[in-house]
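1. Quick check, what structure comes out for this input:
(one chain, ligands or ions: 1)
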Amino acid sequence: MTPRTLWHATAAPVAGFPALKGAEEADLLVIGGGFAGLSTALHAAEAGQSVVLLEAERIAHGASGRNAGFVVPNFAKVDPDGIRALLGERAEPLIRMAAGSGDLVFDLIQRHGMSCDAAQVGWIQPSHSIAAFAKAKERVRQWGDLGRPVELLDAQGVTLLTGVEGWRGGWIDRSGGVINPVGYARGLARAGAAAGVRVFEGSPVLGLEKVGADWVARTLAGQVRAPKVVMATNAYVGALWPGLARSFFPLRVFQVATRPLPLAVRSRLLPGGQAVSDTRRNLFTFRFDAQNRLISGGMHILSLGAGARVPRVIHRRLAQFLSLPDLPPLEFAWSGMASVMPDFLPRLVELAPGLVAGFACNGRGIALTTAMGRELADWALGKPLADLAIPLRKAEELPFHALSRMAPNVLLPISMIRDRLESR
Ligand SMILES: Cc1cc2nc3c(=O)[nH]c(=O)nc-3n(C[C@H](O)[C@H](O)[C@H](O)COP(=O)(O)OP(=O)(O)OC[C@H]3O[C@@H](n4cnc5c(N)ncnc54)[C@H](O)[C@@H]3O)c2cc1C
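-> Numbers count the residues shown, from 1 in each chain. So this is what the prediction gives:
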């Protein structure tokens, strides 16, 4: 079933891929047709591996088709110095991977001629408080030291770029930008298929078992045998591998898109078309799509009735923050599941020899899962897992998972109060 998102409705239509019937063999099996799986498959096939990719539904069914399309080449909570403190000498490859991840996305789009309304115009993070602006200075110093195209903005500079007043300043990374994520995922799938990836949709893996040196994945009408398997199932993993769903926090995130704004209003806001996410704990985000629809997102506190209630709240917040009393009504509202790690960093989990799961979501997944895919392709080609840029962790269930998965919603009201106090 195709999710009813703005992106599915507006991306160029595609023919789709068949369901798996019969038996296939490959060097690498990838499970999951989101950015992580598609990038892994494309990079492995380009390097000469024979690859099969199985997607349970359609390409971009999961978070990859439901996000905001912000390409953000950094981590949500930690900067290079923090990564160095956490990982020591293992830090530099991960830092370099993130720093170049925006360029990687836009280079792939250009190289393969993907039709996805891509614009590498930058990602802006306005500061909601004095303390957040002090942190912005640090962020610019640390990412700037790596040669990234970053720039500190004073309050006037943020207003000039966004058309919005009230922030204390902020910063921009010009290697970020915006895409139609469904167009991008379909572009990755087509590029993968052109490089030889055998892509199957409507083919959920129902079971995985070790047979000799290989893994055998079973679907309703077929099976795939391969010595190496990447599980790129993210928060949509279900019960496929025992315990994996309890190794991250699943987070439901809502997105909305208004009807197109009149040109006179549109031209006052965000003339450069960047992606904006500010520093509030209860994040305020906005961007436009190619038809001048205004897009924003948010989370819920109570799950009951959230599907109808949260989009209305986001719409009100957009109108208030952007001083748009006549904001056009919503045309699209949808939600998706993201996976969040306790340290907000990407991670690889070796579930068994030859079987790896990769998570690089944490709300920064477009750039980071694409970069993770290139790393996982290196593993498929023989590089040891421990030598990849992304930290390798044991498959461990998070303690008190059932309780802690509620944490984001419990913390949201507290965050909202703290945001308000800090921004005075
Ligand atoms: C609402 C929302 C907004 C977001 N906004 C942004 C943003 O603006 N910028 C950003 O960088 N990141 C954003 N993110 C995060 C980003 O979307 C994700 O990090 C990224 O899409 C994850 O990609 P993935 O390939 O790991 O997983 P997914 O895209 O979730 O793909 C997993 C796939 O695995 C498939 N699957 C599961 N089980 C099986 C099985 N048994 N057999 C076969 N297939 C299976 C699923 O059908 C699914 O297609 C957002 C996330 C959400 C939910």
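
2. any idea which element Ala136 lies in?
-> helix 130-144 (DSSP states H and E).

3. Flag every residue of the stretch 251-400 of the chain that's near the ligand.
-> Counting by C-beta under 6 Å from any ligand atom, the stretch 251-400 of the chain comes close to the ligand at 253, 255, 297, 336-338, 361, 363-367, 369. All C-beta atoms are positioned from the backbone trio N, CA, C, and that covers glycine.

4. Turn the residues you listed into CSV, including secondary structure and pLDDT.
-> Putting these into CSV (DSSP: H, G, I helix; E, B strand; the rest coil; pLDDT from 0 to 100) gives the following:
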residue, secondary structure, pLDDT
Val253, strand, 92
Gln255, strand, 96
Gly297, strand, 95
Gly336, strand, 95
Met337, strand, 93
Ala338, strand, 91
Cys361, coil, 74
Gly363, coil, 75
Arg364, coil, 80
Gly365, helix, 90
Ile366, helix, 97
Ala367, helix, 97
Thr369, helix, 97
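
5. before we move on, back to that, for the helix holding Ala136, give the mean pLDDT please.
-> In this model, helix 130-144 has an average pLDDT of 97.

6. what helices or strands is it leaning on?
-> helix 80-87, strand 150-154, strand 169-173 (3 or more C-beta pairs under 8 Å, 6 or more residues apart in numbering; DSSP states H and E).

7. Out of these, which gets nearest to Asp343?
-> helix 80-87 (7.2 Å; C-beta to C-beta).

8. is the following helix or strand past the closest one up against the ligand anywhere?
-> Following helix 80-87 in sequence order, the next helix or strand is helix 91-99 (DSSP H and E). No. Contact of helix 91-99 with the ligand (C-beta under 6 Å from any ligand atom) is absent, the minimum separation being 11.3 Å.

9. circling back to that earlier point, so which residues make contact with the helix holding Ala136?
-> Residues from elsewhere that reach helix 130-144 (C-beta atoms under 8 Å, 6 or more residues apart in numbering): 74, 79-81, 99, 125, 127, 150-153, 168-171, 173, 279, 422.

10. So which bits of it are buried?
-> The neighbour-count check on helix 130-144 (16 or more other C-beta atoms under 10 Å) flags Ala132, Phe133, Ala136, Arg139, Val140, Gln142, Trp143 as buried.

11. What's the separation between the third one and Gly157?
-> Read it as Ala136. According to C-beta to C-beta, to the nearest Å, Ala136 and Gly157 sit 11 Å apart.

12. any shared contact partners between the two?
-> Here Ala136 and Gly157 have Gly169, Gly170 as joint contacts, going by C-beta under 8 Å, 6+ apart.

13. In this structure Leu208 contacts Ala217, no?
-> Yes. With contact defined as C-beta atoms under 8 Å, Leu208 and Ala217 form a contacting pair (5.2 Å).

14. What are the neighbouring residues in contact with the residue of the stretch 101-250 of the chain found nearest the ligand?
-> Across the stretch 101-250 of the chain, the shortest distance to the ligand (C-beta to the nearest ligand atom) belongs to Asn234, at 3.1 Å. Residues near Asn234 by C-beta under 8 Å, 6+ apart: Gly32, Gly34, Ala36, Gly62, Ala63, Met337, Ala338, Ser339, Phe359, Cys361, Gly365.

15. How about the contacts made by whichever residue of the chain sits closest to the ligand?
-> Closest to the ligand within the chain is Gly365: 1.5 Å, counting by C-beta to the nearest ligand atom. Contacts for Gly365 (C-beta under 8 Å, 6+ apart) come out as Phe35, Ala36, Ala63, Ser64, Asn67, Asn234, Ala338.

16. Nearest residue to the fourth one in space, please, no chain neighbours.
-> Meaning Ser64. Nearest non-adjacent residue to Ser64, counting by C-beta to C-beta, 6 or more residues apart in numbering: Gly34, 3.6 Å away.

17. Next: the fifth one.
-> Here the nearest residue to Asn67 in space, its sequence neighbours aside, is Pro181; by C-beta to C-beta, 6+ apart that works out to 5.3 Å.

18. Check the gap between the one you found and Trp7 for me.
-> Pro181 is 5 Å from Trp7, by C-beta to C-beta.

19. what residues do the two have in common as contacts?
-> Residues touching both Pro181 and Trp7 (C-beta under 8 Å, 6+ apart) are Ala60, Gly65, Arg66, Gly69.

20. returning to that earlier point: give the buried subset of the residues of the stretch 251-400 of the chain next to the ligand as a PyMOL selection command.
-> To isolate the buried members of these in PyMOL, using 16+ other C-beta under 10 Å:
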select buried, resi 253+255+297+336+337+338+361+363+364+365+366+367+369
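
21. Can you name the two of the residues of the stretch 251-400 of the chain next to the ligand that sit furthest apart?
-> Largest separation among those by C-beta to C-beta: Met337 and Ala367, giving 19.1 Å.

22. in this structure, what spans have low per-residue confidence?
-> For the chain, applying pLDDT under 70 flags the ranges 1, 400, 402-411, 413.

23. if we go to 80?
-> Applying pLDDT under 80 to the chain flags the ranges 1-3, 300-305, 360-363, 394-424.

24. Spatially central, which residue of it would that be?
-> Gly365 (2.2 Å; C-alpha atoms, centre = their mean).

25. if I look at that residue, how far off is Gly166?
-> Gly365 is 29 Å from Gly166, by C-beta to C-beta.

26. Same question for Gly82.
-> Taken as C-beta to C-beta, the span from Gly82 to Gly166 is 28 Å.

27. These two: which is more packed in?
-> Neighbours were counted for Gly82 and for Gly166 using other C-beta atoms under 10 Å; Gly82 has more, 17 against 14.

28. quick one: the helices in the stretch 201-350 of the chain?
-> Here the stretch 201-350 of the chain has its helices, by DSSP state H, counting those that start in this stretch, at 263-266, 306-321.

29. For the first one, which outside residues touch it?
-> In other words, helix 263-266. Residues outside helix 263-266 that contact it (C-beta under 8 Å, 6+ apart) are Pro260, Phe288, Asn292, Leu324, Asp326.
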